[in-house]
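K.L.:
How does the following fold in three dimensions:
(4 chains)
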2 protein chains.
Amino acid sequence: MNIGEIAKRAGVSRSTVSYALSGKRAVSDHTREKIQRVIDDLGYRPNASARALANGRTNTIGLVFPPAGDHYTGMQLDFIGSVVEAAAAHDYDVLLSPSGVDSDRSFQRLLGERRVDGAILMEIRLQDDRVDHLLAENFPAVCIGRTAQPESDWWVGLDHTALAAACVHHLADLGHRRIAFVNRPERLLRAGYESAHRGLDGFTKAAAERGLTVRTYTCGDDAPSGQACLERILYDDPATTALVTLNEAALGGLYRGLAHAGRHVPRDFSVTGVVAARWAETVTPQLTAADMPAAQMGRLAVELLVERLDHPDAPPRHHLLAPPISLRASTGPAGTAAPATPGSDLNA
Amino acid sequence: MNIGEIAKRAGVSRSTVSYALSGKRAVSDHTREKIQRVIDDLGYRPNASARALANGRTNTIGLVFPPAGDHYTGMQLDFIGSVVEAAAAHDYDVLLSPSGVDSDRSFQRLLGERRVDGAILMEIRLQDDRVDHLLAENFPAVCIGRTAQPESDWWVGLDHTALAAACVHHLADLGHRRIAFVNRPERLLRAGYESAHRGLDGFTKAAAERGLTVRTYTCGDDAPSGQACLERILYDDPATTALVTLNEAALGGLYRGLAHAGRHVPRDFSVTGVVAARWAETVTPQLTAADMPAAQMGRLAVELLVERLDHPDAPPRHHLLAPPISLRASTGPAGTAAPATPGSDLNA
DNA sequence: AGGGATCAGCGAACCGGTTCGACGAAGGAG
DNA sequence: CTCCTTCGTCGAACCGGTTCGCTGATCCCT
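P.N.:
Residues are numbered from 1 along each chain as shown, chains lettered A, B, ... in the order given. A predicted model of the protein is given here:
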């Protein structure tokens, strides 16, 4: 069931079979049909390893998965799904690589052993060895997110700075003066995750601009952490009337914390942030948020990568997305119901 | 940077380098160290395609992903993560295959082109061509879920029948007499998805056993569908006091529907079902549910597959899991608060 | 009718590993 | 001092494709 067998049964040479399949040289109609018949009869499919070895392309792209042991968020799932789908449309398979604890043994395998033609990296850090390494080797890769030096690279990113700022302005416009920021886990912030950093920056600057009183928190990627974080927020400053979060996985916990504290959303407390639409819709009241376009990002990343693979010398390209805030039901005017300490919220 | 280059620089033959790396024949310490030095200097890694071609193993397993265009649930995400992780521990990579709309073009590619040594299939149907096909070819595969003829196959599954029944008994013990069942989408039920069918069976039989009045529904895999479904449940029978769901993605919508209808959980209405623990914890009140052990299932599936790959003639093995119900906060005694129609719930 | 394109198909080399059989050197037994 | 193992290494064949260069046949043009 290899190409030689097909050739023998069709009464032609192996090369003719190869050309009939690839179309890279002319083959007479008569011969092609004869070959095709044999192939259909035997259900022959060319061996991927042999083909990859011969022409140096695996038709596979690597998707570098978030660190193992972490909690995965819904956004990541949408993202993986869209990458797989888009890749399939371009006739690529997707190989998953956990960018695991021992840094990147598996990552090195993908590249060093030439298992993939190119790679898509998630969870980018502002200073990212993996990215530096790939850039140095000019390995075809596309990042989901930007490092601190984004111009020379290929990526599709979210303008976290602008999104966090937009959330702040939205709340400020509603009259909120004391708001909290719920970031990704401390560990990720320390590690330099770009979304955590840029989001924090955008939040802080916009808040300063509007003269707001703010507190910023880090929070584990799960519901219990979200609940604990919210308790801490209200403990630190009971006059807080709103929060902005980047932490999708903690959202349910934040809501529960509010419910337990007796704060009704959005009457007593407003919540907003950057969250995939599908997840914003699962909470009650539905979250007013900048909808993270995970599926679109996955598709764009694959398209950039395919383009880069087809044109190895093309100049870097990228997409910076900044989806608008979708108004749902979790924000409202800063109410009189909030037990604000009078005077202290006029110090702007 | 291939094995010949290493051999030349180390002053040995290509085969000696190969043996030094694989350890399949003795190589003198002196020679091995010399070769290792050259390899370290050049950062050489053997080409995966060449190796796969030569020894017929790709060291890759295929993970057949749920149909494209569908909504992915949290359970699937945990599952994928754990498969990737467990596979990495056994030195396997994971190739994703969307078992897409055009049935299984990509699936055929994986197998026919020998891209993978084995496969893990998700979203099994009671009658599943893919499984039949793999069984006929004796292709090493492990299913997440059972077909109608499970004994001859390798799988790890959840005892949906028992789990749904346990939910019913839990509710019946609390005094609920009129309960609803919220299944996966109609399309999946029609297609013969095993979880949807076995869950429904278990629910129906247990309800009959306890003499309960029940209604069963199908529901889209998203929050808005969940909300709509709940409205319909209360419209069809306002005296309903509890529901059981297999539909993780609709959970948020079900809760919202209850909130809008003014039914307090668990005082006026109890909710339970089969849901991954992490997602059961995101809703408020936290869901009392049979915790779907997604991560464990992923790990077990990989272990079965690795075992099958190592022992091609081993007899079929499988694991049937039936996690207990975790008591959280979403169920309570059938209250007097529920507007039950007197008499009609005594008809057992 | 002769000469240069064009077309179809063939054979061989190559991609980068693995593995088998052979062979020389060293070591041990008789 | 032979003879037989064992050890370490080498060369060659092989896995299953792709691709290059060549050859014969056909065709067109003058």
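
K.L.:
As a check, name the ranges of all helices in the stretch 151-300 of chain A.
P.N.:
Assigned by DSSP state H, counting those that start in this stretch, the stretch 151-300 of chain A shows helices spanning A:160-173, A:186-191, A:194-209, A:223-236, A:251-260, A:277-280, A:294-310.

K.L.:
in the fourth one, what's buried?
P.N.:
Translated: helix A:223-236. Across helix A:223-236, burial judged by 16 or more other C-beta atoms under 10 Å in any protein chain shown covers A:223-230, A:233-234. Yep, even glycine has a C-beta here, placed from its N, CA and C like the rest.

K.L.:
Please apply the same query to the second one.
P.N.:
Buried residues in helix A:186-191, defined by neighbour count with 16+ other C-beta under 10 Å: A:188-189, A:191.

K.L.:
and stretch A:174-186, is it in reach of chain B?
P.N.:
No: using C-beta under 8 Å from any C-beta of the partner chain, stretch A:174-186 stays clear of chain B, coming no nearer than 14.8 Å.

K.L.:
one step back: what's the closest of the buried residues of helix A:186-191 to residue B:248?
P.N.:
Among the buried residues of helix A:186-191, residue A:188 lies closest to residue B:248 (C-beta to C-beta), at 25.8 Å.

K.L.:
measure residue A:39 to DNA strand C for me?
P.N.:
Applying C-beta to the nearest atom of the strand, to the nearest Å, the value for residue A:39 to DNA strand C is 15 Å.

K.L.:
In this structure residue A:223 contacts residue A:253, no?
P.N.:
Yes: here residue A:223 reaches residue A:253: they are 3.7 Å apart, a contact under C-beta atoms under 8 Å.

K.L.:
joint contacts of the two?
P.N.:
B:281-282 (C-beta atoms under 8 Å, 6 or more residues apart in numbering or on different chains).

K.L.:
What residues does the stretch 201-348 of chain A have near chain B?
P.N.:
A:222-224, A:249, A:251-253, A:255-256, A:259, A:278, A:281-284, A:286.

K.L.:
Flag the shaky bits of chain A, pLDDT-wise.
P.N.:
A:67-74, A:99-104, A:336-348 (pLDDT under 70).

K.L.:
Could you tell me which residues of it lie near DNA strand D?
P.N.:
A:1-4, A:14-15, A:18-19, A:21-22, A:24, A:44, A:46-47, A:50-51, A:53-55 (C-beta under 7 Å from any atom of the strand).

K.L.:
out of these, which are buried?
P.N.:
Buried among the residues of chain A next to DNA strand D (16+ other C-beta under 10 Å): A:3, A:18-19, A:21, A:44, A:46-47, A:50-51, A:53.

K.L.:
Around DNA strand C, pick out the residues from the stretch 201-348 of chain A.
P.N.:
Checking the stretch 201-348 of chain A against DNA strand C by C-beta under 7 Å from any atom of the strand, there are no hits.

K.L.:
Name the residue of the stretch 201-348 of chain A that lies nearest to DNA strand C.
P.N.:
residue A:312 (16.9 Å; C-beta to the nearest atom of the strand).

K.L.:
ok, that residue - how many residues close by?
P.N.:
Neighbour count for residue A:312, taken as other C-beta atoms under 10 Å in any protein chain shown: 8.

K.L.:
Assess the claim that it and residue A:140 are in contact.
P.N.:
Yes: under the criterion of C-beta under 8 Å, residue A:312 makes contact with residue A:140 at 7.2 Å.

K.L.:
so residue A:61 sits in a strand?
P.N.:
Yes: remark: residue A:61 belongs to a strand, assigned using DSSP: H, G, I helix; E, B strand; the rest coil.

K.L.:
What is the neighbour count of it?
P.N.:
With other C-beta under 10 Å as criterion, residue A:61 counts 28.

K.L.:
List the beta-bridge partners for it.
P.N.:
Beta bridges link residue A:61 to residue A:94, residue A:118 when assigned by DSSP bridges.

K.L.:
who's in contact with it?
P.N.:
Contacts of residue A:61 by C-beta under 8 Å, 6+ apart are A:87, A:92-95, A:116-120, A:302, A:305.

K.L.:
Between those residues, which sits nearest DNA strand D?
P.N.:
residue A:117 (14.0 Å).

K.L.:
What residues does the stretch 1-150 of chain A have near DNA strand C?
P.N.:
A:11-16, A:19, A:25-28, A:30-32, A:50, A:53-54, A:56.

K.L.:
Figure out the length between the terminal residues of stretch A:150-166.
P.N.:
22 Å (C-alpha to C-alpha, to the nearest Å).

K.L.:
Give the buried residues for that stretch.
P.N.:
Here stretch A:150-166 shows A:150, A:153-166 as buried, counting by 16+ other C-beta under 10 Å.
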